[in-house]
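Q: sharing a model that was predicted from the sequence below.
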Protein chains: 2
Amino acid sequence: MRITALAGGVGGARFVRGLLHELREVRGDRDTEVVVVGNTGDDITLFGLRICPDLDTILYTLGGGINEGQGWGRDSETHTVQAELAELGAQPQWFGLGDKDFATHIARSQWLGQGHTLSEVTERLAQRWGLPERGVRVLPATDTPIETHVVLDDPDGGERAVHFQQWWVQLQAAVPARRFTVAGLGQAVPAPGVLDALRTSDVILLPPSNPVVSIGIILGVPGVRDALRGSRAPVVGVSPIIGGAPVRGHADACLSAMDVEVSANGVAGLYADFLNGWLIDEADAGSVNRPRLQVRPLDLRMRDEVGAARIAGAALDLAADLATQRSA
Amino acid sequence: MRITALAGGVGGARFVRGLLHELREVRGDRDTEVVVVGNTGDDITLFGLRICPDLDTILYTLGGGINEGQGWGRDSETHTVQAELAELGAQPQWFGLGDKDFATHIARSQWLGQGHTLSEVTERLAQRWGLPERGVRVLPATDTPIETHVVLDDPDGGERAVHFQQWWVQLQAAVPARRFTVAGLGQAVPAPGVLDALRTSDVILLPPSNPVVSIGIILGVPGVRDALRGSRAPVVGVSPIIGGAPVRGHADACLSAMDVEVSANGVAGLYADFLNGWLIDEADAGSVNRPRLQVRPLDLRMRDEVGAARIAGAALDLAADLATQRSA
């Protein structure tokens, strides 16, 4: 069996870690291959190094090297390099990079510079984390460099665009976004294996990642949304919104910019053309009214790996029910 | 007044630090500008980052950030980045790079990538170390990328060339060098300020740096040797050989490859066309027989900064005597 999940950063990574726990530990399933398609719109070049925050969060989380409390970055991290870069006057300083994390970006940049694709680089990084042995493949949504920009009101009137990370990290998404644009997205090509994974999977999962700037970017890579629409596999999603607020991050600010209601129902609308099953929190029971969508309420708080496994298990159960209904 | 010194790594850097001590602390001279022209033939690109070992050793030593015991690299250094690069399978691992040191290479590579010259980058790094305020300028010999290669006997017969650092660091110069070649040297252009410094200096000093792979490379940049030959200033050198052995490093292996005697006399011969004064160790008194060269024996062991200052002071005294003789 094969399961494909589209994922952003922290929420997506924790959900997939729970999925692996559910499959391997709870169900004793060693064979099902899990393919994670990661968002690359957040990628940024800082200090001349290529940084892929979402892919790294996925790799570190699945590989056991994540800073658990923070949700991103490496465990037991030091910050010697960045402190020295500050002494040297190298910019910017608002993006926190630890020393072990720097090694990832240095290796990635070196390999990209040697002509390897982001897919190849990601595969190599995944080896360091023992993911192939555990039946996990992490694919970037695309090898084409893309970059999410946030259009903001300019104090002088008019508007200005900043890199997504600058809005998210430096401005803490506190400045209202007018809209998002993604440089390069129209010409982007799905990375090798992405469309194939979507077409041949038995289950497709949407973790509780940001529906606009994470999942939304992956869906924007030409061909991906069509593959989801045409997939034979049930597509089951997990709402990132509980009771009108995002579980984590600034999804509310993103949804507002798109004039989408900050609710489990609003997010489901963004996926309406391909979503079959929708896990929502108990707090939102009865709030989603979409006749063709199978909605199941449960406790959606991912308190730890076991909690995430429980939610992933519910998603798999819902997918199995949908598959049974289809074949009936 | 202006003094220009050509310098390699550890020996050159320590000598120039002694020179500054002699000028500023001993002689109370705050005005004399010191220009250091650093060797760039050792430069190497590792992990996609541009590393300039000699320039960095000069900057760290003069700036007070050197690992004193080791002679190169940063003080109180950690090695988190390199350890993680090893985990990632990034190569090579034989070149030791600490975390603070990595920051230098990251900043340099970023700035070079933005189109700045090595001179501009070096000036920016020198600011971090407070060198302009202290009347010191550090110039690369050339902004043209050059690379010293070492030609070795191949086990299968014939020969093979390796990067200088591979021979020096990984092979510890234990494999006999057939000869040295310097890629790019013939087309190299002296960095801005280098020829001007040589032409307008009142004293030119050759610290006890490696005469082949450090000073020899600087002299090989087209125009530099001519500027020394035509200089109005006395040129005074400090022998890097004491009693038939190099004070530090593998100068003996380098001289042997060139069929030059490993002696104060042999090295003086390499500089014969422009050298006016030559400081040798007391152990070598009487061993240099070059009628037009003014030779002075003294204790040449640079035990510490004060010891280096004493030697630098002797070099300045000899230069002053030579200048007086000329004007007489």
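A: The structure has been received and is ready for your questions. Numbering: from 1, shown residues only, chains lettered A, B, ... in the order given.

Q: what does the helix or strand that residue A:182 is a member of contact?
A: Using DSSP states H and E, residue A:182 maps to strand A:177-183. For strand A:177-183, contacts defined as Cβ atoms under 8 Å, 6 or more residues apart in numbering or on different chains pick out A:41, A:146-153, A:159, A:161, A:164, A:167, A:212-213, A:217, A:220, A:253-254, A:256-258. Just so you know, the C-beta spots here come from the backbone N, C-alpha and C atoms, and that holds for glycine as well.

Q: what ranges does the stretch 201-328 of chain A have for its helices?
A: A:215-220, A:224-229, A:251-257, A:264-270, A:305-327 (DSSP state H, counting those that start in this stretch).

Q: same check on the stretch 1-150 of chain A?
A: So, for the stretch 1-150 of chain A - with DSSP H, counting those that start in this stretch - the helices run A:10-20, A:53-63, A:80-87, A:99-113, A:118-128.

Q: return the strand holding residue A:182 as CSV; C-alpha atoms alone will do.
A: Output in CSV follows, covering the C-alpha atoms of strand A:177-183 (Å, rounded to 0.1, in the frame of the first residue of the first chain):
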residue,chain,number,x,y,z
ALA,A,177,-1.6,40.6,4.0
ARG,A,178,-3.4,41.9,1.0
ARG,A,179,-2.7,38.8,-1.0
PHE,A,180,0.0,36.2,-1.7
THR,A,181,1.9,35.8,-5.0
VAL,A,182,4.2,33.0,-5.7
ALA,A,183,7.1,33.8,-8.0
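
Q: got a list of what the closest residue in space to residue A:269 that isn't next to it in sequence touches?
A: Distances taken as Cβ to Cβ, 6 or more residues apart in numbering or on different chains place residue A:260 nearest to residue A:269, at 6.8 Å, with adjacent residues excluded. Neighbour list for residue A:260: A:212, A:266, A:267, A:269, A:270 [criterion: Cβ under 8 Å, 6+ apart].

Q: contact partners for the last one?
A: I take that to be residue A:270. A:211, A:212, A:216, A:260.

Q: which of those residues ranks first by neighbour count?
A: Counting neighbours by other Cβ atoms under 10 Å in any protein chain shown, residue A:211 comes out on top of the contacts of residue A:270 with 27 neighbours.

Q: so who does that residue touch?
A: If you count contacts by Cβ under 8 Å, 6+ apart, residue A:211 has them with A:240, A:251, A:254, A:255, A:267, A:270, A:271.

Q: can you count the residues close to the nearest residue to residue A:71 once chain neighbours are set aside?
A: The shortest distance from residue A:71 to any non-neighbouring residue, by Cβ to Cβ, 6+ apart, is to residue A:10 (3.9 Å). Counted with other Cβ under 10 Å, the neighbours of residue A:10 add up to 25.

Q: with residue A:190 instead?
A: Residue A:190 has 23 neighbouring residues, counting by other Cβ under 10 Å.

Q: one more: the one 4 residues further on?
A: For residue A:194, the neighbour count with other Cβ under 10 Å is 25.

Q: buried ones among the contacts of strand A:177-183?
A: A:41, A:146-152, A:161, A:164, A:167, A:212-213, A:217, A:220, A:253-254, A:257 (16 or more other Cβ atoms under 10 Å in any protein chain shown).

Q: near chain B, which residues of the stretch 51-200 of chain A show up?
A: Residues of the stretch 51-200 of chain A lying close to chain B (Cβ under 8 Å from any Cβ of the partner chain) are A:78, A:80-85, A:87-90, A:99-100, A:102-104, A:106-107, A:109-110, A:113-114, A:124-125, A:127-128.

Q: 6 Å instead, please
A: By Cβ under 6 Å from any Cβ of the partner chain, the residues of the stretch 51-200 of chain A that approach chain B are A:78, A:80-81, A:84-85, A:87-88, A:90, A:99-100, A:102-103, A:106-107, A:109-110, A:113, A:128.

Q: wait, doesn't residue A:219 sit right on residue A:228?
A: No - counting by Cβ atoms under 6 Å, residue A:219 stays clear of residue A:228, with 7.3 Å between them.

Q: distance of the closest residue to residue A:63 other than its chain neighbours from residue A:198?
A: Leaving aside its chain neighbours, residue A:63 sits nearest to residue A:129 (2.6 Å; criterion: Cβ to Cβ, 6+ apart). In this view, residue A:129 and residue A:198 are 24 Å apart by Cβ to Cβ, to the nearest Å.

Q: quick one, what contacts residue A:36?
A: Residues near residue A:36 by Cβ atoms under 6 Å, 6 or more residues apart in numbering or on different chains: A:5, A:7, A:16, A:58, A:138.

Q: just the helices of the stretch 201-328 of chain A: most buried one?
A: helix A:215-220 (a mean of 24; mean count of other Cβ atoms under 10 Å in any protein chain shown).

Q: report the distance from it to the chain centre.
A: Taking Cα atoms, centre = their mean, to the nearest Å, one finds helix A:215-220 lying 9 Å from the centre of the chain it belongs to.

Q: again with stretch A:213-221
A: With Cα atoms, centre = their mean as the basis, stretch A:213-221 stands 9 Å off its chain's centre.

Q: which residues touch it?
A: Taking Cβ under 6 Å, 6+ apart as the rule, stretch A:213-221 contacts A:6, A:8, A:37, A:39, A:41, A:141-142, A:148, A:185, A:188, A:190, A:206, A:209, A:224-225, A:254.

Q: one more: stretch A:86-105?
A: Here stretch A:86-105 makes contact (Cβ under 6 Å, 6+ apart) with A:46-47, A:49, A:51, A:73-74, A:77-82, A:169-170, B:80-81, B:84-85, B:99, B:107, B:128.

Q: can I get the buried part of these as one PyMOL selection?
A: Those of the contacts of stretch A:86-105 that count as buried under 16+ other Cβ under 10 Å are selected in PyMOL with:
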select buried, (chain A and resi 46+47+49+51+73+74+77+79+80+81+82+169) or (chain B and resi 80+81+84+85+99+107+128)
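
Q: by proximity to chain B, which residue of the stretch 201-328 of chain A wins?
A: When scored by Cβ to the nearest Cβ, the stretch 201-328 of chain A has residue A:305 as its residue closest to chain B, at 23.0 Å.

Q: circling back to that earlier point, in strands only, show me the buried ones among the contacts of strand A:177-183.
A: Mapping the buried ones among the contacts of strand A:177-183 onto strands (DSSP state E) picks out A:147, A:148, A:149, A:150, A:151, A:152, A:161.

Q: endpoints of stretch A:82-94, how far apart?
A: For stretch A:82-94, the separation between the terminal residues is 10 Å (Cα to Cα, to the nearest Å).

Q: centre of the chain to it, how far?
A: The answer for stretch A:82-94 is 28 Å, by Cα atoms, centre = their mean.

Q: buried set for that stretch?
A: So for stretch A:82-94, counting by 16+ other Cβ under 10 Å, buried means A:82, A:84, A:85, A:88, A:90.

Q: distance check, the third one against residue B:55.
A: Taking Cβ to Cβ as the criterion, residue A:85 is separated from residue B:55 by 18 Å.

Q: about what we covered before: could you dump the helices of the stretch 201-328 of chain A into TSV with mean pLDDT and distance to residue A:119 added?
A: Shown next, in TSV, are the helices of the stretch 201-328 of chain A (pLDDT from 0 to 100; distance: least, Cβ to Cβ, whole Å):
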stretch	mean pLDDT	distance to residue A:119
helix A:215-220	98	14
helix A:224-229	98	15
helix A:251-257	92	27
helix A:264-270	97	27
helix A:305-327	97	25
